[in-house]
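Enquirer: generate coordinates for the sequence data below:
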Amino acid sequence: RLLFLRERKSTYPDESLRSSDSSDSSRLAIPVGTIHEIEAPTRATNMRLSTTLFQSVELVFLRLSDRDIAHAALRVGMFADRTEDLFAFRRGTVPPQLFPGSQTGRDSLTTRGSSGIPISFDSVRDMSPFFAYRPSRDWDRQGLLPANGWRVCALNMNFALCPTYPQLFVVPQNISDAELAESAKFRSKARLPVVTLRCPQSGAVVIRCAQPKVGVVGKSSDADERYVKQCVAVGGPRGVVVVDCRTRRDVSKQTLLGHGTETGDRYGAETLHYMNMCNTHTVRAAFREQVTAVENAAKGQSVEGLVSSPWLSLVQRLLAAGSLVARELATEKRAVLLHCAAGWDRTPQVVSMAAVLVDPYYRTVKGLCELIDREFVAFGHKFAERYAHGSPEKWGRHSSPIVLQMFDALWQVMIQHPTAFEYHEEFLFFLIEHAYSCLYGSMLYNCDSERALGDVAHATESLWDAIAEERERFLQPHFIPVDHTLEVDTIATQVWTGLFLRHHQMAQEAHVLERVKE
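Expert: You can find the predicted model right below:
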């Protein structure tokens, strides 16, 4: 982090950032990984920093040489050619060469196969506090295992079946590994259908996957169809619906490229829903408009841009998709076959929103950590690309604030049900910050196979472990647990001023906040 000390007599708009000690200084900490722009004018001694989380800080140095040294040091901290060069791998570690007789080197901590990947990475997930999502514990809590018609599939143990999936997942008992392999061939990126969520009220499941390779000629896969039908036979009390997160136009384009969506009758689906959610490029563009609106508001200009930008519309679409899936699971008692294109952006967003609505466990600190670690981390959301870890292209073509958008939608649910959540918005701020910060290893890399090669469980510190240690900090005092499914008004959305205006003086002015709400 970049640390700033300020004299106590000076004012800073966010008093929560002041240190709690009794000294005459306060601390403002900025994770270097969140900085997306540095302005260092020629021959000037000042330097302005802008972050992806709406902070803007100007530093003024006594000498130009001091400014240049600080500028160079920041760039070294911000950018890295390899993920292993990021700060998370240097934080709190002692180089093993200092103690040549010790067993603290990274290679001594894991047993590696011929591919260089640590063997039984998921067994480490089950046993290590580094991970929030521990498969066997999750399956037991949800009632998927033991038995109940499901079994553990180890076909991906060496990440050979699908490199962007975890090594272990549950499948119907009477589906063979050969059929699973055929199903993977029929799905984009080999991301075959997998059950990750079971509704506690109805027993209906979400089957997440990537788009099928149907193309314009309407290809099909008997193995894929049988696999999905068996999932429904075990976890779909009243049948199945297909939910495609994309727009019809996007699906049509993908069909021309050899992909597309399911033909409902081949899978026994009663309905095919298109959720009209936009792709990562549109989300990135909308977020940039929101950033510009925040900057204008901070300069005392109109706040109208915060409301008129397309960002809120995208949040509403996500809320609508999550609500529909929750209704299908809990009310209609139907299984949901859910995907977007590759199934690693919009798909985990919708599964996570539906999970929060139908299962009160995910409205707790521990539950939300497990949900994010399962649906986003373990199942291959591309954190390294979406949050430009170590890259100078913070607004590059692969970047997109997918997790931030999901948490904005979650916040909308929280303000409509203010006592139903164990945590408050400060917890969401913390999670968003560390999607970008590179301080912990939990959200580094794009998938578990990459994390296994990077040996994050031994070489870095765990975000989830840190949250467990600071749990009291995130609790809200008015929590009243409820077991029923939460209903959401997807139209009554508000600008999340606590996030977007968090670091600006105007956020403390009640009349400005009222204008934004209006």
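Enquirer: just want the most central residue of the protein.
Expert: Taking Cα atoms, centre = their mean, the centroid of the chain lies closest to Val403, which sits 3.9 Å from it.
Enquirer: any idea which element it lies in?
Expert: In this assignment (DSSP states H and E), Val403 forms part of helix 402-416.
Enquirer: just the buried residues of that helix, please?
Expert: Within helix 402-416, the residues scored as buried using 16 or more other Cβ atoms under 10 Å are 402-414, 416. The way it works is simple: take the backbone N, C-alpha and C, and place the C-beta from them, glycine included.
Enquirer: ok, residues contacting the helix or strand that it is followed by?
Expert: Going down the chain from helix 402-416, the next helix or strand is helix 425-436, by DSSP H and E. Applying Cβ atoms under 8 Å, 6 or more residues apart in numbering, the contact partners of helix 425-436 are 31, 33-34, 52-53, 365, 368, 372, 383, 387, 389, 403-404, 407, 410-411, 414, 440, 442-443, 463, 467, 473-474, 498-499, 502.
Enquirer: can you tell me which of these are in strands?
Expert: Among the contacts of helix 425-436, no residue falls in strands (DSSP state E).
Enquirer: show the buried residues in the residues you listed.
Expert: Buried by 16+ other Cβ under 10 Å: 31, 33-34, 52-53, 365, 368, 372, 383, 387, 389, 403-404, 407, 410-411, 414, 440, 442-443, 463, 467, 474, 498-499, 502, out of those.
Enquirer: ok, the residue nearest to the centre of the chain to Gln201 distance?
Expert: Applying Cβ to Cβ, to the nearest Å, the value for Val403 to Gln201 is 27 Å.
Enquirer: again, but for His417
Expert: Distance, His417 to Gln201, using Cβ to Cβ: 17 Å.
Enquirer: repeat that for Leu486.
Expert: Per Cβ to Cβ, Leu486 is found 12 Å from Gln201.
Enquirer: then Val351?
Expert: Taking Cβ to Cβ, one finds Val351 at 17 Å from Gln201.
Enquirer: tell me which of the two has more neighbours.
Expert: Ranked by neighbour count (other Cβ atoms under 10 Å), Val351 and Gln201 place Val351 first, with 25 against 14.
Enquirer: just give the nearest non-adjacent residue to the more buried one, would you?
Expert: Glu375 (5.1 Å; Cβ to Cβ, 6 or more residues apart in numbering).
Enquirer: list the contacts of the one you found.
Expert: By Cβ under 8 Å, 6+ apart, the residues touching Glu375 are 196, 208, 348, 351-352, 355, 381.
Enquirer: swap in 7 Å and give it another go.
Expert: With contact taken as Cβ atoms under 7 Å, 6 or more residues apart in numbering, Glu375 is in contact with 196, 348, 351-352.
Enquirer: among the residues you listed, name the buried ones.
Expert: Buried by 16+ other Cβ under 10 Å: 196, 348, 351-352, out of those.
Enquirer: let's see which of these end up in helices.
Expert: Among the buried ones among the contacts of Glu375, the ones falling in helices (DSSP state H) are 348, 351-352.
Enquirer: closest to Cys447 out of those?
Expert: Using Cβ to Cβ, Pro348 is the member of those that lies nearest Cys447, at 12.3 Å.
Enquirer: ok, the closest one touching Phe376?
Expert: Yes. In this structure, Pro348 is within contact of Phe376 by Cβ atoms under 7 Å, at 4.9 Å.
Enquirer: is it true that Leu145 touches Val170?
Expert: Yes. Between Leu145 and Val170 there is a contact under Cβ under 7 Å: 6.5 Å.
Enquirer: in contact with the closest residue to Gln405 other than its chain neighbours, which residues?
Expert: Leaving aside its chain neighbours, Gln405 sits nearest to Val283 (6.0 Å; criterion: Cβ to Cβ, 6+ apart). Counting by Cβ under 7 Å, 6+ apart, Val283 touches 314, 400-402, 405.
Enquirer: in a markdown table: the residues you listed, plus pLDDT and distance to Thr331.
Expert: Below are the contacts of Val283 laid out as a markdown table (pLDDT from 0 to 100; distance: Cβ to Cβ, whole Å):
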| residue | pLDDT | distance to Thr331 |
| --- | --- | --- |
| Leu314 | 97 | 26 |
| Ser400 | 95 | 32 |
| Pro401 | 96 | 31 |
| Ile402 | 98 | 28 |
| Gln405 | 98 | 26 |
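Enquirer: just the pLDDT for the residue nearest to Val351.
Expert: Per-residue pLDDT puts Glu375 at 98.
Enquirer: same check on Arg91?
Expert: 74.
Enquirer: check Arg18 too.
Expert: So Arg18 comes in at 36 (pLDDT).
Enquirer: how far away from the center of its chain is stretch 228-238?
Expert: On the basis of Cα atoms, centre = their mean, to the nearest Å, stretch 228-238 is displaced by 28 Å from the centre of the chain it belongs to.
Enquirer: quick check: mean pLDDT of it?
Expert: The average pLDDT within stretch 228-238 is 96.
Enquirer: what about Gly396, neighbour count?
Expert: Neighbours of Gly396 (other Cβ under 10 Å): 12.
Enquirer: then Pro129?
Expert: Other residues near Pro129 come to 11 when the count uses other Cβ under 10 Å.
Enquirer: how about Asp250?
Expert: By the criterion of other Cβ under 10 Å, Asp250 has 20 neighbours.
Enquirer: for Gln230, same thing?
Expert: For Gln230, the count of nearby residues is 17 (other Cβ under 10 Å).
Enquirer: and it, what element?
Expert: Element membership of Gln230, judged by DSSP H and E, is helix 222-235.
Enquirer: what residues does that helix touch?
Expert: For helix 222-235, the external contacting residues (Cβ under 7 Å, 6+ apart) are 149-150, 172, 174-175, 179-180, 182-183, 186, 193, 195, 198, 203-205, 207, 212, 239-240, 266-268, 335, 337.
Enquirer: and the next element down the chain from that helix?
Expert: strand 240-244.
Enquirer: elements contacting that following strand?
Expert: strand 269-274, helix 311-330, strand 335-339 (3 or more Cβ pairs under 7 Å, 6 or more residues apart in numbering; DSSP states H and E).
Enquirer: closest to Ala297 out of those?
Expert: Among the helices and strands packed on strand 240-244, the nearest to Ala297 by Cβ to Cβ is helix 311-330 (13.5 Å).
Enquirer: what's the distance between the closest residue in space to Ala435 that isn't next to it in sequence and Glu179?
Expert: What sits nearest to Ala435 in space, not counting adjacent residues and going by Cβ to Cβ, 6+ apart, is Val403, at 4.8 Å. Taking Cβ to Cβ as the measure, Val403 and Glu179 are separated by 34 Å.
Enquirer: mind listing what the nearest residue to Gln201 once chain neighbours are set aside touches?
Expert: Once flanking residues are discounted, Gln201 sits nearest to Ala330: 5.0 Å by Cβ to Cβ, 6+ apart. By Cβ under 7 Å, 6+ apart, the residues touching Ala330 are 199, 201-202, 358, 485.
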